[in-house]
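Visitor: Below are the sequence and a predicted model for it; my questions follow.
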Amino acid sequence: MLHSLVSWILVGAGAYLVSAQVAIDPQLVGTWSSKSNRTFTGPRFYDPIRDKMIEPEHTGISYSFTDNGHYESAFYRAVANPVNPACPKGVMQWQHGTYEKLVNGSLSLSPISVDGRQLTSDPCNYDRGIYLRYSQPEIFERYEVFVDPYHNIMRLNLFMFDGSPQQPLYLSFKPPQMLPTTTLNPTDTPTATSGGKAKRTVSPEDSELPLNYKAFRNRIKRYNADYWWYFGVGLTGVGGVLYFCF
Ligand SMILES: *[C@@H]1O[C@H](CO)[C@@H](O)[C@H](O)[C@H]1NC(C)=O
Ligand SMILES: *[C@@H]1O[C@H](CO)[C@@H](O)[C@H](O)[C@H]1NC(C)=O
């Protein structure tokens with residue numbers, strides 16, 4: 001009797017320890033996105049089969065969390081170009097891995113380092129984006145989930161390591177919209193010696209891939225068309241002036 005009581009207590013304590021270790025907060029589960037609600041984690045941001053990033057309609061950030069400790073993040077930022085303010089660079093970053101709520105309330109994100117990707121594009125200077133593997137563990141000092149009183153939707157505030165708030169995120173999808181949570185590009189693991197087929201990997205040496213080139217080509221073309229249009233208006237003006245003068 002006493003023995004079984006003790007073992008029940010042990011089982012209970014063990015279960016408590018396991019759950020404390022995994023530390024999942026069900027409130028976090030879902031796909032969160034910044035105000036534009038256009039950048040989302042999942043297959044519309046990163047295509048792991050073609051190893052390609054897909055430019056969203058609008059800059060923004062997105063995080064997804066599962067109820068079993070996995071996360072995914074998607075960032076699409078414009079970086080100011082002081083030389084040519086009309087021509088910002090674009091940076092896209094994608095990562096996934098595991099997350100944990102620590103006992104002190106911090107949120108720790110550990111990416112699968114071989115899977116993360118970063119694409120930097122400078123459409124006015126280069127036709128091609130610079131594509132690299134990207135891995136950046138993150139720790140948020142704390143976070144809060146609540147119903148946003150103005151928009152009446154769930155809101156997630158993440159506080160950076162120094163305590164400063166990141167831009168607010170709003171719940172876009174629940175269950176979350178994510179790619180498979182397992183390693184997608186296993187390059188660190190030794191591959192079977194059976195086949196002659198080499199696995200495609202991205203390394204800094206072969207990092208220049210023509211990604212996003214369609215969107216940026218179009219932008220460059222449009223820019224040129226405007227330029228030639230104004231040039232034409234200018235010539236017409238000059239022609240008109242010349243006509244009246246002679
Ligand atoms: C919580 O603990 C982690 C890991 O020890 C640490 O990195 C983090 O700074 C702590 N957070 C706070 C708010 O003290
Ligand atoms: C964000 O976009 C998704 C997909 O288009 C939509 O289902 C969701 O309702 C949107 N959320 C908000 C807050 O507008």
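Guide: The structure has been received and is ready for your questions. Ligands and ions are numbered 1, 2, ... in the order given.
Visitor: contacting residues for the residue of the chain found nearest ligand 2?
Guide: Nearest residue of the chain to ligand 2 (Cβ to the nearest ligand atom) works out as residue 37 at 3.9 Å. Yep, even glycine has a C-beta here, placed from its N, CA and C like the rest. When contacts are counted by Cβ atoms under 8 Å, 6 or more residues apart in numbering, residue 37 touches 60, 170, 172.
Visitor: Keep only these that also lie close to ligand 2.
Guide: 170, 172 (Cβ under 6 Å from any ligand atom).
Visitor: From one end of stretch 160-170 to the other, what's the distance?
Guide: Terminal residues of stretch 160-170 lie 17 Å apart, using Cα to Cα, to the nearest Å.
Visitor: sorry, that was for stretch 162-180
Guide: Using Cα to Cα, first and last residues of stretch 162-180 are 32 Å apart.
Visitor: helix, strand or coil for residue 61?
Guide: In the three-state summary, residue 61 is assigned as strand, counting by DSSP: H, G, I helix; E, B strand; the rest coil.
Visitor: Look up which residues are beta-bridged to residue 52.
Guide: residue 47 (DSSP bridges).
Visitor: now it: how far from ligand 1?
Guide: If you measure residue 52 against ligand 1 using Cβ to the nearest ligand atom, to the nearest Å, the figure is 34 Å.
Visitor: Around ligand 2, pick out the residues from the protein.
Guide: Counting by Cβ under 6 Å from any ligand atom, the chain sits next to ligand 2 at 37, 153, 170, 172.
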